[in-house]
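[1] missing the sequence, but the structure's below:
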């Protein structure tokens, strides 16, 4: 299993909803969720998908700033920063 996202930074525009597409090319389940900060408030919870599946996570508009994303099943290895600019 490859416990890593292909990117550690995602960029979005403040005040506009956006979609993150997760393609699971792995042999174990994964998801992607957005939090206000590491250990903070859950802002968008991603559906857990199995290997070979794809899912879209719709994220409501956010204020400018930095947020935290992670796989809820593998948080130590699969995480990064969502940078919202605008």
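    Thanks, I have the structure now. All values reported here derive from a predicted model rather than from experimental measurement.

[2] pick out the residue nearest the middle of the protein.
    Using Cα atoms, centre = their mean, the residue of the chain that lies closest to the mean C-alpha position is residue 32, 3.7 Å off.

[3] show me what contacts the closest residue to that one other than its chain neighbours?
    Taking Cβ to Cβ, 6 or more residues apart in numbering as the measure, residue 32 lies nearest to residue 46, with 4.4 Å between them; neighbours along the chain are not counted. (Glycine included, C-beta is placed from N, CA and C.) The contact partners of residue 46, by Cβ atoms under 8 Å, 6 or more residues apart in numbering, come to 20, 22, 31, 32, 33, 55, 57, 72.

[4] how about residue 37?
    Contact analysis of residue 37 by Cβ under 8 Å, 6+ apart lists 67, 68.

[5] quick check: residue 14 touching residue 67?
    No: taking Cβ atoms under 8 Å as the definition, residue 14 is not a contact partner of residue 67, at 11.2 Å.

[6] need the overlap of contacts for those two.
    Counting by Cβ under 8 Å, 6+ apart, the contacts common to residue 14 and residue 67 are residue 84.

[7] these two: which is more packed in?
    Taking other Cβ atoms under 10 Å, residue 14 and residue 67 do not tie; residue 67 has more neighbours (23 against 12).

[8] avg pLDDT for the one helix or strand that one maps to?
    For residue 67, the enclosing helix or strand under DSSP states H and E is strand 65-70. Mean pLDDT, taken over the full extent of strand 65-70, equals 99.

[9] what of stretch 40-50?
    Throughout stretch 40-50, pLDDT has a mean value of 98.
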